[in-house]
Structure formats: structure tokens, C-alpha cells
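Chemist: this is a predicted model, with the sequence first.
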Amino acid sequence: MRGKSKRGLILLVSLVGLLPPAAEAGDERKQLAFEVVDRNAEQMAAISDSIFYFGEPGMQEFEGTKLLKGTLEAAGFRVELGGAGMPTNLWAEWGSGHPKIAIVTEIDALPSGSQKPLEFTHTPLVAGAPGHMEGHNTHGGVASTAAFAVKQVMQRFNIPGTVAISFGPAEEQLASRPFLVRAGYFKDVDAIIYLHIRDSLATGYGVQNYAAISSIFTFHGKTAHGAVNPWDGKDAVDAVELMDIGFDKLREHLRPSYRAHRTITVGGIQPNIIPDTGQIWWFVRDASMPAAKTTYDKLLKIAEGASLMTGTTWDVKYAASAWPQLVTKTIAEAIQKNIDMVGVPQWTEQEQQFARDFQKSADRPVVGLRTRPDALGERRQATSSNDNGDVSWVVPAGLLNFPSSVPGIEYHEWHAAVTPVSSISHKGQVAGAKVLAASIIDLMTSPELLQKARAEFEVESKKTPYFSLLPPEANPPLELNRAEMEKYRPEMRKFYLDKTPRFN
Ligand SMILES: [Zn+2]
């Protein structure tokens, strides 16, 4: 008898041992967060779908930020619109003091991205208009719903701290985050989580994405008749060409990780007019910002050489810059646990069939939707850039992708605008909001986790000390996409959903 009950006790103890430490308290909070997300799934879809139809590119996110401001204020958040000199920069927060955890994301569309949802052929809602061919519209719903769920949990369980959301303008033009960092938005933030749509539920760590520097070079010469007195002219477009050739000569001597691409934005008027203005716009990228800056400094020398050879003068204007994202492993591990807990959505056979048909029609591998989350460590450094990278060099960062798009469908082309408004997108948003809320709750309630993330950040960020690429006199490019938006908005307005989402 005694032996038997002892064995029973051992069995009981070993079962308890299987549970993660402090699972009960943590799970109760997360359970509430999940309930809040489920209960508000329709509100979340209303936010994301509304932003899709607004279709506003960078610096023109006026309707989108207005809707988010109204929704978040009604939910009790303090909302600042227009900070750091950008009318569509939105910062929202609830609570007070530390820990202060912020979601960092964006809601901008892309020029010429207009597309009717669920159509497999290129069918713009408004021909030529901007639209969401990357699905940033989903960020609006997921970020605000997750923040609301965290607020509900903080209230119920008396958790101290602040939950914040930063919707930065014009991510697609890498145009706002260096300004947000310069304005000090992240000075008293303890940790951030980047939020971005993807075709999988995933996180990552280490250096993600590429550093980028974007600048516009203008050469100034002297005009003359191309046949009558060309010797009196100084050809500014010759300088543009020589700059291009000069850089091509340099390519052999750059490290293999570099990327550089350009477009000639002013190339003369007609052949018999010696052009007094020439302009070329460059992007220089590399795996780290110091490496990109080294190449960029050589590009400046090439511009100087081109001007010497042609007798022209030149100037350079900063257009944009982005550091790669430095993502801490500590936060990634915490996010991964929540990813594994929430899991990918249960797709219906209809949704899987839709995805396969879509992949087939887009000439992509026919693999359907992902049925399990990515394992930690699968993400490699991509060669594209996101200006939110700057934030991760001043505050410890985590990263979350949620499964609201179809595998194999690449962003920045109309195919990617087919599914941001769909049941696939909506289900992926629910999974994303749950993982995001749970991960913020972890950061809010575990001082050890925050300390460990901070310690890791201190070591990793010191390996490449942050410097801003912003010239002191630089101002945010508020005119960006304005003409296009003004041209198309009246036609686009006909598709607005006219919804007023309210969390409950
Ligand atoms: Zn994006």
C-alpha cells in the first residue's frame, strides 16, 4: 500500500514537472489575451480591410491613421498623430511607467499597387492607383488588436507598465524611422517587437535585412547648341554617365556582399541641347551599415571625379537610409514559445485549394498554405531593407511574422494584393495578434527576460556602434507620393468600406 501510493505521488510529481515553470499564472493571462483577440477578430478584420481599400502610400496614410487613432482612442489609448514632423506618424500608448514595450510597424501601400482582392488576373480597382501589394494593411489590425488584448490583461491582473504602438510612415521608401530615432521616441522603451506580414508564423534573430543608403546626385553644367557651339557647353549628363561608368569600374573591387543600383532621373532634353542639368539616384547596400557607408564614400569620390572631368559642379541630397535589423535571440526564443503554443491557423480545404489554384495561376510552386510554424533559426539575412532597422540599434528588438499571405507569392507586384483581404489573411492575423499579445505579456511580466535581452543587446549592438545617416538639416519628405494620391483618391474613395471598428 505504502509503496503504491508513493509511486502514485512520484507519478504526480513528474507530471507537474512537465509543465513549464510558472505556467499557471502566465497561461491565465495569455488565455485572456487569446479570448480578447478571438472576440475582436471581426473588428481586427474591419481595420485591416479598411486600410486595404484606403490604399495609401508612404506619407499619405491620412485615412488609415485617422481610423487607427479613432479606434485606439475609443479603446482608451493615448494617441499622438503627427509627431517628428510627419503628419501621418502615429504613436499610441496605454498604461504608465516601465516596463515599456512597443510594437513597431507600418501601414503604407505601394505606388501602382491597386488590385481587386481574390482575382487571379491583374484587375486594378482603380487603374494606375496605389494599393497594398505587400499587405501592410494587415499590420494595422494585428498591432492594435494585440495592444488592446495586452491592455485588457494588464487591467485584469494589475500588471504595471506601458504598451505602445509605433506606426511609422513610408516604410516602402525607407523614409521615417531615422527621424523617429532622432526625435527620441525609443529612448525610454525597454523592448520592441517588429511586426510584418509573411506567408509563415515565424520569428528570427541576429542581423536581418540589409543596410541601405539612398542619395540623389545632381550635376550642374552649362547649356549650349549641340551643333553650333558645343565647345561652350558643359554637359551635366556626361557627368551622370561618367559617374555610372566610374562605379562599374569599382564593382570588381567591392566585397561580394554589396549591392548597388541606380536610375537616371534627369537625362537631358533633346540631343541638340547640351544639358545643364543631369541627375542620377543611387541605392548602395551591404550586410552592415559600416560596409555600406564605405562603398557610399567611394561613390562620393566618383561623383567628384565625374564633375572634374566635365567641368560641372555637383551636389548630393540624402533621400533615405536604413540599418539592418538587429534582432535579439532572447526575445526570439520567447516569441517562438508563443508561436508553438498558438500554432498556424486551421485552414479549410477550400482555403488550401484557393492557395494551390493561386500558386498555379501565378506560375509558382503549388504547395498550398503552411501547416506548421517555422522553426527558430530558419530565417536568413535578406538583401532587402526596412528602415525600422535603425530602431533595433537603440533598443532590444524581437521580430514576428504572421501567416496572412500565400507561399511563393512575392511582394511588390499585384499578385501580392490578391489576398490581404481574405479569410486566409484574417485567420493569419488572429494567429499573429495572439502571439504578439502573449510575447508582450512575457516581456511585461518577466524582469529576467527583459534583463537578459538588454544584456544581449548591449554586447551585440556595441559590435557595430550606431550612427545616423541623417544630415542634421534633413527633414522628412512630406511630398512623397502626394501628387499620385491626390490624383487617384477621388476614384479610390468609392471603394472605402466606411466601417467604425470598436474593440470590446
Ligand atoms: Zn513591408
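Modeler: All right, it came through fine. Numbering: from 1, shown residues only.
Chemist: show me the shaky parts of the stretch 401-504 of the chain.
Modeler: Low-confidence segments of the stretch 401-504 of the chain, defined by pLDDT under 70: none present.
Chemist: right, I mislabeled it, should have said the chain
Modeler: Within the chain, the segments meeting pLDDT under 70 span 1-26.
Chemist: what ranges does it have for its strands?
Modeler: For the chain, the strands defined by DSSP state E cover 78-81, 90-96, 100-105, 161-167, 191-198, 206-208, 211-220, 259-266, 277-286, 313-322, 325-327, 397-403.
Chemist: out of these, which one sits most buried?
Modeler: Stretch with highest mean neighbour count among the strands of the chain: strand 397-403 (a mean of 28; mean count of other CB atoms under 10 Å). The way it works is simple: take the backbone N, C-alpha and C, and place the C-beta from them, glycine included.
Chemist: count the residues that sit near Glu241.
Modeler: 16 (other CB atoms under 10 Å).
Chemist: list the contacts for the spatially closest residue to Asp442 that is not a sequence neighbour?
Modeler: In this structure, Asp442 finds its nearest non-sequential neighbour in Ala334, 4.9 Å apart by CB to CB, 6 or more residues apart in numbering. Applying CB atoms under 8 Å, 6 or more residues apart in numbering, we find Ala334 in contact with 398, 439, 442-443, 449.
Chemist: sorry, back to before: would JSON lines of the strands of the chain with distance to Ala303 be doable?
Modeler: As requested, the strands of the chain are arranged in JSON lines below (distance: least, CB to CB, whole Å):
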{"stretch": "strand 78-81", "distance to Ala303": "39"}
{"stretch": "strand 90-96", "distance to Ala303": "37"}
{"stretch": "strand 100-105", "distance to Ala303": "34"}
{"stretch": "strand 161-167", "distance to Ala303": "35"}
{"stretch": "strand 191-198", "distance to Ala303": "34"}
{"stretch": "strand 206-208", "distance to Ala303": "29"}
{"stretch": "strand 211-220", "distance to Ala303": "5"}
{"stretch": "strand 259-266", "distance to Ala303": "12"}
{"stretch": "strand 277-286", "distance to Ala303": "9"}
{"stretch": "strand 313-322", "distance to Ala303": "5"}
{"stretch": "strand 325-327", "distance to Ala303": "29"}
{"stretch": "strand 397-403", "distance to Ala303": "34"}
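Chemist: to Gln352, which of these lies closest?
Modeler: Among those, the nearest to Gln352 by CB to CB is strand 397-403 (12.8 Å).
Chemist: what about that closest one, distance to the chain center?
Modeler: The chain centroid and the centroid of strand 397-403 are separated by 10 Å under CA atoms, centre = their mean, to the nearest Å.
Chemist: can I assume Gly226 is in contact with Pro275?
Modeler: No - counting by CB atoms under 8 Å, Gly226 sits too far from Pro275 to count as a contact (9.6 Å).
Chemist: which one of these two is surrounded by more residues?
Modeler: Per other CB under 10 Å, whichever of Gly226 and Pro275 has more neighbours is Pro275, with 25 against 16.
Chemist: skipping adjacent residues, who's closest to that one in space?
Modeler: Excluding the flanking residues, the one nearest Pro275 by CB to CB, 6+ apart is Gly268, at 4.0 Å.
Chemist: check contacts around Glu456.
Modeler: Residues near Glu456 by CB under 8 Å, 6+ apart: 328-330, 396.
Chemist: same check, this time on Ser215
Modeler: Ser215 neighbours (CB under 8 Å, 6+ apart): 281-282, 296, 299, 316-319.
Chemist: now, which of the residues you listed sits nearest Leu174?
Modeler: Each of the contacts of Ser215 was scored against Leu174 by CB to CB, and Ala319 proved nearest at 8.3 Å.
Chemist: specify the beta-bridge partners of the nearest residue to the closest one once chain neighbours are set aside.
Modeler: Distance criterion CB to CB, 6+ apart; nearest residue to Ala319, sequence neighbours excluded, is Ser214 at 4.1 Å. Beta-bridge partners of Ser214, counted by DSSP bridges, are Phe283, Ala320.
Chemist: distance of Ser214 from Thr88?
Modeler: 20 Å (CB to CB, to the nearest Å).
Chemist: what of Phe247?
Modeler: For Phe247, the distance to Thr88 (CB to CB) stands at 35 Å.
Chemist: out of those two, which sits in the busier spot?
Modeler: Thr88 (25 against 21).
Chemist: please save the CA atoms from stretch 471-482 in PDB.
Modeler: Listed next in PDB are the C-alpha coordinates belonging to stretch 471-482 (Å, rounded to 0.1, in the frame of the first residue of the first chain):
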ATOM      1  CA  PRO A 471      22.200  65.000 -42.200                       C
ATOM      2  CA  PRO A 472      21.500  67.500 -39.400                       C
ATOM      3  CA  GLU A 473      19.400  69.700 -41.700                       C
ATOM      4  CA  ALA A 474      17.400  66.800 -43.200                       C
ATOM      5  CA  ASN A 475      13.600  67.000 -43.000                       C
ATOM      6  CA  PRO A 476      11.100  64.200 -43.600                       C
ATOM      7  CA  PRO A 477      10.000  64.100 -47.300                       C
ATOM      8  CA  LEU A 478       6.300  65.000 -46.800                       C
ATOM      9  CA  GLU A 479       5.700  65.500 -50.500                       C
ATOM     10  CA  LEU A 480       6.400  61.800 -51.200                       C
ATOM     11  CA  ASN A 481       3.500  60.200 -53.200                       C
ATOM     12  CA  ARG A 482       1.300  63.300 -52.700                       C
END
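Chemist: next, the buried residues of it.
Modeler: 474, 476-478, 480-481 (16 or more other CB atoms under 10 Å).
Chemist: check stretch 241-251 too.
Modeler: Within stretch 241-251, the residues scored as buried using 16+ other CB under 10 Å are 241-243, 246-247, 250.
Chemist: what residues does it touch?
Modeler: Under the criterion CB under 8 Å, 6+ apart, residues 217, 219, 260, 262, 264, 280, 298-299, 302-303, 305-306, 309-310 lie in contact with stretch 241-251.
Chemist: make it 10 Å
Modeler: For stretch 241-251, contacts defined as CB atoms under 10 Å, 6 or more residues apart in numbering pick out 217, 219, 235, 254, 258, 260, 262, 264, 267, 278, 280, 282, 284, 295, 298-299, 301-310, 312, 314.
Chemist: alright, that wraps it up for me.
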